[in-house]
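[1] A structural model of the following input is requested.
(2 chains)
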Amino acid sequence: MREIGIEHLDDMARGAGILGTGGGGDPYVGKLLAREAIRRHGPVMLHDIAEVPADATVVPVSGMGAPTVLLEKLPAGTEELAALRALEAVIGRRATHIVPIEVGGVNSMIPIAAAAQAGLPLVDGDAMGRAFPEAQMVLPTLIGVSNTPMAIADDKGNTLVLDAVSNHWAERIARAACVQMGCQVSCADTVLRGDQLADGLVPATLTLAEDLGRAVRQARAAHADPVAAATSALGGVTLFTGKVVDVERRTTGGFARGKALLAGDGSFELSFQNEHLLARRDGAIVATTPDLICVLDTDTGEPVTTEAMRYGLRVTVIGAPCDPRWVTPAGLQLAGPRYFGYDCDYQPLPIP
Amino acid sequence: MRIGIDVGGTNTDAALIGDGGDVLATVKSPTTEDVTSGVAAALAGLGATQVSAVMIGTTHFVNALVEAARLEPVAAVRLGLPATAALPPMVDWPQRLREVVEGAVYLCHGGHEYDGTPISDLDPDELRQVAADIRRRGLRSVAISSVFSPVSDSSERRAADILSAELGPEAHISLSSEIGRVGMLARENATIVNAALRPLAARTVAAFAHALEVAGIDAPLFLSQNDGTLMDVSRALRYPVATFASGPTNSMRGAAYLSGLTDCAVVDIGGTTTDVGILVGGFPREASGEAMVGEVRTNFRIPDVLSIGIGGGSVVADDGSVGPRSVGYLLPEEALVFGGGTLTATDLAVAAGHAAIGDPALVAGVDPAEPLKVIAGRVADAVDRMRTSPEPLPVVLVGGGSILISDLPGFDDVRRPDHFAVANAVGAAIAQVGGEVDKVYSGPRETVLREAKNEAVARAERAGARTGSVRIAEVEEVPLAYLPGDATRIRVKAVGDLDLEKINA
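    Here you go, the predicted structure:
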């Protein structure tokens, strides 16, 4: 158990950006939200999974919508608690803990703001261990936990509680509602009992995000290699270092799909749909989702989002292993390359 | 003939350009505290009064922000309640600047969703109460920002009408939709900075106009903007923030003009730093993402420039390393060639016979070969970092310190054009007029692109571009991620030649 204060947020947000694998939204606004919530309500207690009682009611709180909208239409600050209270009303009990659904990107920070506002402890872990674009792509889906009832609240005070026949349907209906509500909402869903956390969460990922962000910052301060520091903190492998020489994008169904071509010692191609999902070196696949494909600025170690990929950037691509439960047949069916429309199988990273 | 002037922190440079495009005269003179006399001296140095226009680029406004001086406290009014209340205006400002600039912040109703539907109705009574509070506090500069004003500016305009009716002509009102792009905090910050600069803008523009008068010049005055285009005086008074990055932009545009190249790397070597930028189609490549200006996060579009600590005044250490320490403006006293006691990069250039400055005999004992090689290596590395393809890339050297470089390893085509030392003033003189659109659109791609382009061209023409000369300089499409449907953010920039008849009409 430890405290998260304002002083921890910079490192944690930087690390969360790296774990976002190119997507998940820039944590900047999220970091400000967490900072202001802690300033108003005090620091947040972070509990290890092992510290959570078996009968605890653990509620993931997250933001859903378009990161570009979040940058423009800043939240009212009431959305997280409105969603949480609406969910509590239908499940008939109060939440005892808050947890992130997604550690990658801005959704690492929203739960910190929610926990500060609710005066509840936060659990150190998340349901993805990275960023994924759709609500059903969480470990609880693999253990049969429903993501409904799902409560959604917008900035205007509208709330919606949703019941669905499957986690896929919940994603589909929630996404449509989110658009109608102005493309930026808070969600409370996928209620977990304390004794489900070991199976339903990737453990200690907020601490990982902080360690990762700190490693990059300290390496930079010591004029050491920040990318090497990040790779080591992730237990990952450097896949390529080079320069972005071409970026091709198209939008379909709300996904920023595209490819980025890198030149260096050979050629390297990244395929992305909000997140980086597939990497090929000289034509051969070297990394696929659900492993983490992280693109970092070679000089600074800062994460480069898929939206920010552009000609001339000097980047290093690192691959880091995902949680092993993602590479089971059920995990791959949910978030493997074929789900995203790529005609290839999952391939483990070339980790020596 | 036109005159271009660059008012920098140290020097005021000026260039006289003939109707045929030739550089007829150039002058460098020290920048003065009052601005007027430095500009007047530069104008006198050119010796021409029958000119059709004077274009000035200045770092005066950005310096005010960096120094947190000469700024006016601002009333920041944001429209968007109940949204945005979690992060009120100026939430991400550094404390030091916030203390100087924050007059009062107000969160009000109004604003739009991404598709233009209202978040809440604008409340005129609420705004009248805000006006009363602004008056009570004695604030004169107002910044208005509204959610998704790049999509619909109607809330900002209505609020401005109400506030100006209440506050009277004494109050200056800056609108975020006129200043920035999508991204509330960054756009709002830029708008607040703009509001804080308006009294200084009035004084500075008056000083420029007075300098023209002193020099006997009766010609329209323009200021150059970040993107290398011009604005007239009435616009400069309202949008001083648009001049923030005009320094590097002008030197790059000047380099393009003097060398005749439109696609090249530009290396501008001054007294303390070397700035490397890339020209694409005659305009500087812009930095992606958000720009920190004086520690404030903004979304100005500024040139993508890589600065390294090498300049004509850089100090050469005993081990042969050069910079980042520099004697700066003390070069004429400190350098060996001027009888000083510090070995500087300029001494190396003189010792190598690249330039005849001061007394070459004073550096007779200096062996410049190794340290000059180090300088060339570091500059070449900086250019290489900025290039976007392995294709051969011409390099244009400008700025007074460019005498340090004779060739760059890895680059075959390295040029130093005539008048290289005043490329920034030349860049100001040749500036064009632009118009820009940055909005979130939804609909069929061809239709929305056409709509955006037409709007950009119309804006350029309204800004004074000659009808028919306007072309589309840049198109950028960014799909909005995680959104079903085909909402896309489109940014289009159009530029054209300045139509003086239109301006004078």
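[2] Tally up the residues packed near residue 65, please.
    Unless you meant another one, I'm taking chain A. By other Cβ atoms under 10 Å in any protein chain shown, 26 other residues sit near residue A:65. For the C-beta atoms, the positions are set from N, CA and C on the backbone; glycine is no exception.
[3] nope, chain B
    Using other Cβ under 10 Å, residue B:65 has 24 other residues around it.
[4] The one 3 residues further on too?
    Residue B:68 has 17 neighbours, counted by other Cβ under 10 Å.
[5] Would you list the phi and psi of it?
    Dihedral angles of residue B:68 (phi, psi; degrees, to the nearest 10) stand at phi 50, psi 40.
[6] From chain A, how far off is it?
    22 Å (Cβ to the nearest Cβ, to the nearest Å).
[7] Next up, the contacts around that residue.
    Counting by Cβ atoms under 8 Å, 6 or more residues apart in numbering or on different chains, residue B:68 makes contact with B:96, B:97, B:100, B:294.
[8] which element is residue A:69 on?
    Residue A:69 belongs to helix A:67-72 when assigned by DSSP states H and E.
[9] do residue A:94 as well
    Counting by DSSP H and E, residue A:94 is part of no helix or strand.
[10] Please name the nearest non-neighbouring residue to it.
    Excluding the flanking residues, the one nearest residue A:94 by Cβ to Cβ, 6 or more residues apart in numbering or on different chains is residue A:88, at 5.4 Å.
[11] Wait, residue A:266 touches residue A:284, no?
    No: if you go by Cβ atoms under 8 Å, residue A:266 and residue A:284 don't touch, sitting 10.2 Å apart.
[12] which one of the two has more residues nearby?
    residue A:266 (11 against 8).
[13] Kindly state the beta-bridge partners for that one.
    residue A:264 (DSSP bridges).
[14] circling back to that earlier point, contacts for the helix holding residue A:69, please.
    In this structure, residues lying in contact with helix A:67-72 by Cβ under 8 Å, 6+ apart are A:24-26, A:28-30, A:63, A:105-106, A:182-184, A:307, B:114, B:147-148, B:182-185, B:440, B:478, B:480-483, B:489.
[15] Also stretch A:321-332?
    The contact list for stretch A:321-332, computed with Cβ under 8 Å, 6+ apart, reads A:129-130, A:139, A:142, A:202, A:235-236, A:290-292, A:334-335, A:338-339, A:346, A:348-349, A:351.
[16] Helices of the stretch 151-300 of chain B, start to end?
    Remark: helices assigned in the stretch 151-300 of chain B by DSSP state H, counting those that start in this stretch are B:154-167, B:184-214, B:233-238, B:246-259.
[17] I should have written the stretch 151-300 of chain A there, sorry.
    Going by DSSP H, counting those that start in this stretch, the stretch 151-300 of chain A shows helices at A:167-180, A:197-200, A:205-221, A:226-234.
[18] Chain B now?
    Taking DSSP state H as the test, the helices found in chain B are B:36-46, B:60-67, B:95-101, B:124-137, B:154-167, B:184-214, B:233-238, B:246-259, B:331-334, B:345-351, B:369-386, B:423-429, B:445-462, B:500-504.
[19] possible to save the helices of the stretch 151-300 of chain A as a markdown table with distance to chain B and mean neighbour count?
    Converted to a markdown table, these look like this (distance: least, Cβ to the nearest Cβ, whole Å; neighbours: other Cβ atoms under 10 Å in any protein chain shown):
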| stretch | distance to chain B | mean neighbour count |
| --- | --- | --- |
| helix A:167-180 | 6 | 19 |
| helix A:197-200 | 23 | 19 |
| helix A:205-221 | 16 | 22 |
| helix A:226-234 | 16 | 21 |
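[20] Nearest to residue B:393, out of those?
    Ranking the helices of the stretch 151-300 of chain A by proximity to residue B:393 (Cβ to Cβ) places helix A:226-234 first, at 26.0 Å.
[21] quick one, the closest one and helix A:205-221 angle?
    Here the directions of helix A:226-234 and helix A:205-221 differ by 150 degrees (axes from the mean of the first three to the mean of the last three Cα atoms, to 10 degrees).
[22] outside of helix A:226-234, which residues touch it?
    Contacts with helix A:226-234, where a contact means Cβ under 8 Å, 6+ apart, come from A:15, A:18, A:208, A:211-212, A:215-220, A:236-238, A:241, A:292, A:294, A:296, A:298-301, A:316, A:318, A:320.
[23] rerun that using 7 Å as the cut-off
    For helix A:226-234, the external contacting residues (Cβ atoms under 7 Å, 6 or more residues apart in numbering or on different chains) are A:18, A:211-212, A:215-216, A:219-220, A:237-238, A:296, A:298, A:300-301, A:316, A:318, A:320.
[24] Repeat that for stretch B:372-385.
    A:314, B:265, B:267, B:274, B:276, B:306, B:308, B:310, B:320-322, B:345, B:348, B:352, B:395, B:404-405, B:407-411.
[25] and it, average pLDDT?
    The pLDDT scores in stretch B:372-385 average 90.
[26] So the residue nearest the centre of chain A versus chain B, what's the distance?
    Closest to where the C-alpha atoms of chain A average out (Cα atoms, centre = their mean) is residue A:104, at 2.5 Å. Here residue A:104 is placed at a distance of 13 Å from chain B (Cβ to the nearest Cβ).
[27] For that residue, list the residues it contacts.
    Applying Cβ under 7 Å, 6+ apart, we find residue A:104 in contact with A:16, A:19, A:20, A:21, A:24, A:128, A:130, A:131.
[28] Over to residue A:107: give its phi and psi.
    Torsion angles, degrees, to the nearest 10, at residue A:107: phi -70, psi 0.
[29] ok, back up a step: which of the contacts of stretch B:372-385 are buried?
    Buried members of the contacts of stretch B:372-385, counted by 16 or more other Cβ atoms under 10 Å in any protein chain shown: A:314, B:265, B:267, B:274, B:276, B:308, B:310, B:322, B:345, B:348, B:352, B:395, B:404-405, B:408, B:411.
[30] Grab the two from the residues you listed that are most spread out in space.
    The widest separation within these (Cβ to Cβ) is 32.0 Å, between A:314 and B:352.
[31] before we move on, the earlier item: for chain A, which of the helices of the stretch 151-300 of chain B is the nearest?
    If you check each of the helices of the stretch 151-300 of chain B against chain A by Cβ to the nearest Cβ, helix B:184-214 wins as the nearest, at 5.0 Å.
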